[in-house]
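A.B. asks: build the 3D model from these lines:
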Amino acid sequence: MPVFSLPSVISTILYSHSVDIKHMKTVTVPLFLLISQTTPCFGGGAASYIHLSSAYFGQQNTLLGQTSSNQGYGFSVEWNSQKERLRDTGWFARGVTLSSTQSSFYSEYSTTIPLFQIAKRHGLWTSITRRSQQFTTTLDSSQIYLDKEGNPSPVAAGSDLSAELNTQEVVWSWREESHEATLLNEISLVYCTQSTPVQVNLSNTNATLFDGSFSGWGLRIAKRQQPRGFNLNWSLGVFELESYFSDDATGHRQQAPAESRTLFTRFTLEWQYRQYLAPYWYAKPFAQYSLQAYLQPQSAPSVVDQPTMTQSQWKIGMAIQKWF
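C.D. replies: Next up, the predicted model:
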């Protein structure tokens, strides 16, 4: 059987990222057939897999004051070799993971790299995730939009505003690998940056829509396992983020630094059932729900009055895993 090197796997997956969503079906099927005929260059048994899934997505948010929602189909591809043991302990002792998710309004790219394996089942990892979520909101009242250069633009009631929430996270994690069910097997330190238009009330301007950005640190705990049968995974992250609402024009951070902070929380719950099909082949129906909220810690703000903003996302789908 031919040997398939990791660099060629990486280049193949990265190539699929550049393909428009309407062509995703024609890309993933040849990719799946290609990987299924190969073995990883690491060796050592069935410890890597290709994961292909299709799901129906939905999302809803209140970042611009009114509720915005989207629904549609999406596709994911993942190459995962984290169970490959190049050595029991030490630096870079496991394999990497590359993944991509695409839909008409959502995209995500993620890379996970092993740093140091402390013991056979305990290791330190780092990952970088970038995601983009598009949404459209219909305003129910006239407002003024102030961009980060300080240019005001009136927006009439009934106007449709198209916006995008961009998120980047750099994560450092301790993780335990275990075949036994556990309540918690991952603790992470996360640096998060986000950018999106938001609706906020500032005392020094009559504008209410701004170019918003957030950045800061947080902690995340999680359970991530996938033995055969039923699995219930979850994660909870809590962050303190510095807030910027067209700050070069408004100067709100200098006036009220304490009010220019945001408590950001994210909770994700995933149900999955991993079903054996044939040697090295598994099916995995799944359902996932996540909720994130932006909260202002100050109880009686005088300069920056940030309403509670939320975003939720759900997906239901089916995945196929081919192990090597």
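
A.B. asks: so where do the strands sit in the stretch 151-300 of the chain?
C.D. replies: In the stretch 151-300 of the chain, the strands defined using DSSP state E, counting those that start in this stretch lie at 152-155, 160-176, 186-199, 201-202, 209-223, 229-245, 261-278, 281-295.

A.B. asks: same list, those, but as a markdown table with mean pLDDT and mean neighbour count please.
C.D. replies: In this view, the C-beta of every residue, glycine as well, is placed from N, C-alpha and C. Formatted as a markdown table, the strands of the stretch 151-300 of the chain follow (pLDDT from 0 to 100; neighbours: other Cβ atoms under 10 Å):
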| stretch | mean pLDDT | mean neighbour count |
| --- | --- | --- |
| strand 152-155 | 92 | 13 |
| strand 160-176 | 95 | 16 |
| strand 186-199 | 96 | 19 |
| strand 201-202 | 93 | 19 |
| strand 209-223 | 96 | 19 |
| strand 229-245 | 95 | 17 |
| strand 261-278 | 96 | 16 |
| strand 281-295 | 96 | 16 |
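
A.B. asks: next, format those as JSON lines and append distance to residue 131.
C.D. replies: Output for the strands of the stretch 151-300 of the chain, formatted as JSON lines (distance: least, Cβ to Cβ, whole Å):
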{"stretch": "strand 152-155", "distance to residue 131": "26"}
{"stretch": "strand 160-176", "distance to residue 131": "5"}
{"stretch": "strand 186-199", "distance to residue 131": "10"}
{"stretch": "strand 201-202", "distance to residue 131": "28"}
{"stretch": "strand 209-223", "distance to residue 131": "14"}
{"stretch": "strand 229-245", "distance to residue 131": "14"}
{"stretch": "strand 261-278", "distance to residue 131": "12"}
{"stretch": "strand 281-295", "distance to residue 131": "11"}
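
A.B. asks: name the nearest residue to residue 317, sequence neighbours excluded.
C.D. replies: In this structure, residue 317 finds its nearest non-sequential neighbour in residue 55, 2.6 Å apart by Cβ to Cβ, 6 or more residues apart in numbering.

A.B. asks: and what of residue 234?
C.D. replies: Nearest non-adjacent residue to residue 234, counting by Cβ to Cβ, 6+ apart: residue 269, 5.1 Å away.

A.B. asks: what sits against residue 290?
C.D. replies: Residues counted as contacts of residue 290 (Cβ atoms under 8 Å, 6 or more residues apart in numbering) are 266-269, 312-314.
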